[in-house]
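K.L.:
just need the structure, nothing else, for what follows:
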Amino acid sequence: MQLQIFPCAIIVLLTLMATPQTARSAERNVIFIITDDESPTLGCYGDSAAKTPAIDAIAADGVLFRNAFATTASCSASRSVVMSGLHNHRNGQFGHQHHYHKFASFHDVVSLALPRVMQRAGYRTGQIGKYHVAPESVFHFETYLKANSRNAVEMAEQSRDFLTDSADNRPFFLYFGTSDPHRGGGTDKSSDQKLKPNLFGNKPDHGAYPGVEEVFFDPADVTVPAFLPDTPETREELAQYYQSCSRVDAGVARLVQILKQADLFDKTLLVFTSDHGMAFAGGKTTVYEGGLRVPFVVRDPYQSQRGVETDAMISHIDITPSLLDFAGGLDTKKNRPKNMLDANKFWNEREEALLDNRNGNKPFASYHGKSWMHVLKNPNDHHHDTIMASHTFHEIQMYYPMRVVRDKDFKLIWNIAHPLPFPFASDLWAASSWQAQLAKGNDAPYGQMTIGRYVQRPEFELFDMQTDPNESTNLADSPGHADVLEKYKAKLKAMQKEFDDPWILKWQYE
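P.N.:
Residues are numbered from 1 along each chain as shown. Okay, here's the model as predicted:
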């Protein structure tokens, strides 16, 4: 008997013969890309020195946030905020997680933790690159991928099988954390300067990582931000920094390529940001704009509004609730997961942390942040009117609590430990850009201030963000701004109370 194949059967047969990832690829996937110590030094942010075509292309087909802020300019502390939707003064990770620093979040954060809630919303979860939070049982991913986190191209390739896995029909959530452009790898011995620039993870002698076409920068061509001194040492370090940023961009380009090849690009939300600003004194570990302002680019293929910019003010506390909202798992009225994990039951069943202080004596009932998904639909929407920043430690030796309240008009910094000299991260202290100016004495200029002013800070710093975005003039002692100072002190106290900041007690003593 001759088999007859009718047209409709041919269509079915062709569908079955299609590649697995094309035929069965899930919808509404998420890739969250977080870099290490990167300011908005991208072409899409108007930086003419930057070479970031892949991220620029995502911005051109997505939404670029012009007012995105970390809550703290410290790696572990910031990542705990990103992955919990809670300020780190509340989640318990006051500083670095690794080595002897040993800070960790409260165990009951598990109810709100990003990888946990995405899994409970029906996602398969994977992580590659820098992790840097604790406990792992709280911030647990189903799959941990291995790659050199200094080579984002390699990271993308090592993510390929996870992204295109057709054996699991759940959508994917990939947390992609680079170690670039963090300082590291020694100094550039080929420099003619007495003080050699840090390599920022780059290979010495114009070397290249496998699979990476490195982009090299002339120190004369880099953009020197306002908070740094324009010196040969600074420019040489920035040239290394920009190269490291370009390597991240190459990895993003490879990720996009993999997604397009697997018919996943238009089924995947892409979010690009950094944990905080660049690793220079005046950026990282500070609560100045150089430390808190971050790049933030989102491409949602399901939105009609794309290729736009927004002035909406967003914070890192918004990331977890926003991604969960995209996944359909956010209870928007209670601002917490719909399918919320019972922390007590969870730890009792595991017989883990039973005698520990798991919540700081108050249940974790909702997120501090809120979803910005509405801004993707309507870029002219407002989000936060006011944001708070909360820094206490970087390294364990660096106790220097600072609290910040900021809106579009003014920014108030409260240096709680102001009688102390400002403490330095070990890598920032050794930086040639800092040491060159330090050698000139306390009166040497450093960005918008002097070396002495940078180290010894006043109790309050008040800046007019409309007329003085570079934070050059402290108005806290200005008689004409006394009412403004009191208004923003009251705002700060109110936010500290709202977000359960233990350091609110410092208003009453010391």
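K.L.:
isn't there a strand covering Met388?
P.N.:
Yes - the assignment for Met388 (DSSP: H, G, I helix; E, B strand; the rest coil) places it in a strand.
K.L.:
hmm, it is touching Lys411, no?
P.N.:
No - under the criterion of C-beta atoms under 8 Å, Met388 is not in contact with Lys411, lying 11.0 Å apart. Heads up, the C-betas are built off the backbone N, CA and C, glycines and all.
K.L.:
how far does stretch 118-126 stretch from start to finish?
P.N.:
Taking C-alpha to C-alpha, to the nearest Å, stretch 118-126 runs 11 Å from one end to the other.
K.L.:
any idea of the mean pLDDT in stretch 245-261?
P.N.:
Averaging pLDDT along stretch 245-261 yields 98.
K.L.:
and that stretch, how far out from the chain middle?
P.N.:
Mean-position distance between stretch 245-261 and its chain equals 18 Å (C-alpha atoms, centre = their mean, to the nearest Å).
K.L.:
buried residues, that stretch. List them.
P.N.:
For stretch 245-261, a neighbour-count test (16 or more other C-beta atoms under 10 Å) marks 245-256, 258-259 as buried.
K.L.:
hmm, Pro40 is touching Pro295, no?
P.N.:
Yes - using C-beta under 8 Å, Pro40 is in contact with Pro295, at 4.3 Å.
K.L.:
can you give me the strands in the stretch 401-510 of the chain?
P.N.:
Along the stretch 401-510 of the chain, counting by DSSP state E, counting those that start in this stretch, strands occupy 402-406, 410-415, 445-446, 449-450, 460-464.
K.L.:
so which of those strands is nearest Glu213?
P.N.:
strand 445-446 (35.3 Å; C-beta to C-beta).
K.L.:
quick one: the helices in the stretch 51-200 of the chain?
P.N.:
Per DSSP state H, counting those that start in this stretch, the stretch 51-200 of the chain carries helices over the ranges 53-60, 75-82, 88-91, 114-120, 152-163.
K.L.:
winner for burial among those?
P.N.:
Ranked by mean neighbour count, the helices of the stretch 51-200 of the chain are led by helix 75-82 with a mean of 29 (mean count of other C-beta atoms under 10 Å).
K.L.:
which of the helices of the stretch 51-200 of the chain sits closest to Pro469?
P.N.:
Across the helices of the stretch 51-200 of the chain, Pro469 has its closest neighbour in helix 53-60 (21.2 Å, C-beta to C-beta).
K.L.:
show me the contact partners of that closest one.
P.N.:
With C-beta atoms under 8 Å, 6 or more residues apart in numbering as the test, helix 53-60 has contacts from 42-44, 249-250, 252-253, 256, 270, 272, 295, 297, 299, 307.
K.L.:
which of the residues you listed lies closest to Asp161?
P.N.:
Of those, the one sitting nearest to Asp161 (C-beta to C-beta) turns out to be Val256, at 17.0 Å.
K.L.:
mind telling me what element the closest one is part of?
P.N.:
Following DSSP states H and E, one finds Val256 within helix 232-261.
K.L.:
low-confidence ranges in this protein?
P.N.:
Confidence mapping of the chain against pLDDT under 70 gives the ranges 1-24.
K.L.:
can you put the strands of the stretch 401-510 of the chain in TSV and add distance to Val484 and mean neighbour count?
P.N.:
As requested, those are exported to TSV (distance: least, C-beta to C-beta, whole Å; neighbours: other C-beta atoms under 10 Å):
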stretch	distance to Val484	mean neighbour count
strand 402-406	12	24
strand 410-415	6	23
strand 445-446	26	18
strand 449-450	21	16
strand 460-464	7	20
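K.L.:
a markdown table for those, including distance to Arg124?
P.N.:
Below are these laid out as a markdown table (distance: least, C-beta to C-beta, whole Å):
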| stretch | distance to Arg124 |
| --- | --- |
| strand 402-406 | 37 |
| strand 410-415 | 41 |
| strand 445-446 | 48 |
| strand 449-450 | 49 |
| strand 460-464 | 45 |
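K.L.:
compare those strands and give me the one nearest Gly129.
P.N.:
strand 402-406 (28.4 Å).
K.L.:
next one: that closest one to chain centre, how far?
P.N.:
18 Å.
K.L.:
and what of stretch 270-282?
P.N.:
Stretch 270-282 sits 6 Å away from the centroid of its parent chain (C-alpha atoms, centre = their mean).
K.L.:
just the CA trace of it, in PDB.
P.N.:
Presented in PDB, the C-alpha positions along stretch 270-282 are these (Å, rounded to 0.1, in the frame of the first residue of the first chain):
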ATOM      1  CA  LEU A 270      17.500  41.000  28.900                       C
ATOM      2  CA  VAL A 271      18.500  43.100  31.900                       C
ATOM      3  CA  PHE A 272      22.000  44.700  32.100                       C
ATOM      4  CA  THR A 273      23.400  46.500  35.100                       C
ATOM      5  CA  SER A 274      26.300  46.700  37.500                       C
ATOM      6  CA  ASP A 275      26.600  46.100  41.200                       C
ATOM      7  CA  HIS A 276      27.800  49.800  41.700                       C
ATOM      8  CA  GLY A 277      30.100  52.400  40.200                       C
ATOM      9  CA  MET A 278      33.700  52.100  39.000                       C
ATOM     10  CA  ALA A 279      36.600  51.000  41.300                       C
ATOM     11  CA  PHE A 280      38.200  54.400  41.800                       C
ATOM     12  CA  ALA A 281      38.300  56.500  45.000                       C
ATOM     13  CA  GLY A 282      35.200  58.700  44.700                       C
END
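K.L.:
tell me who's in contact with Thr71.
P.N.:
Ser78, Val81, His87, Asn88, Leu292, Ser315, His316, Ile317, Ile387, Met388, Ala389, Ser390.
K.L.:
most surrounded residue in these?
P.N.:
With neighbours taken as other C-beta atoms under 10 Å, the top of the contacts of Thr71 is His316, carrying 33 neighbours.
K.L.:
I'd say that one and Ser80 touch.
P.N.:
No - at 9.8 Å, His316 does not count as touching Ser80 under the criterion of C-beta under 8 Å.
K.L.:
before we move on, back to that, farthest-apart pair in the contacts of helix 53-60, please.
P.N.:
For these, the farthest-apart pair by C-beta to C-beta is Ala250 and Gly307; their separation is 22.7 Å.
K.L.:
just list the residues touching Ala250, thanks.
P.N.:
So, once contact is read as C-beta under 8 Å, 6+ apart, Ala250 ends up touching Ala54, Ala152, Val153, Val212, Glu213.
K.L.:
a markdown table for those, including distance to Phe422?
P.N.:
Below are the contacts of Ala250 laid out as a markdown table (distance: C-beta to C-beta, whole Å):
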| residue | distance to Phe422 |
| --- | --- |
| Ala54 | 36 |
| Ala152 | 32 |
| Val153 | 37 |
| Val212 | 36 |
| Glu213 | 40 |
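K.L.:
sorry, back to before: now, which of the contacts of helix 53-60 sits nearest Arg406?
P.N.:
Pro295 (17.8 Å).
K.L.:
burial count for the closest one?
P.N.:
25.
K.L.:
out of the contacts of helix 53-60, flag the one nearest to Thr72.
P.N.:
Pro295 (16.7 Å).
K.L.:
what distance do you get for Glu213 to Arg247?
P.N.:
9 Å (C-beta to C-beta, to the nearest Å).
K.L.:
ok, the contacts of Ala250 vs Pro401, which is closest?
P.N.:
Relative to Pro401, the closest of the contacts of Ala250 is Ala152; by C-beta to C-beta it sits at 33.9 Å.
K.L.:
for that closest one, give me its contacts.
P.N.:
Gly129, Phe176, Thr178, Asp180, Arg247, Val248, Ala250, Gly251, Val252, Arg254.
K.L.:
I figured the fourth one hits Val212, correct?
P.N.:
So that's Asp180. No - Asp180 is beyond contact range of Val212, at 10.5 Å (criterion: C-beta under 8 Å).
K.L.:
right, I'll call it a day here.
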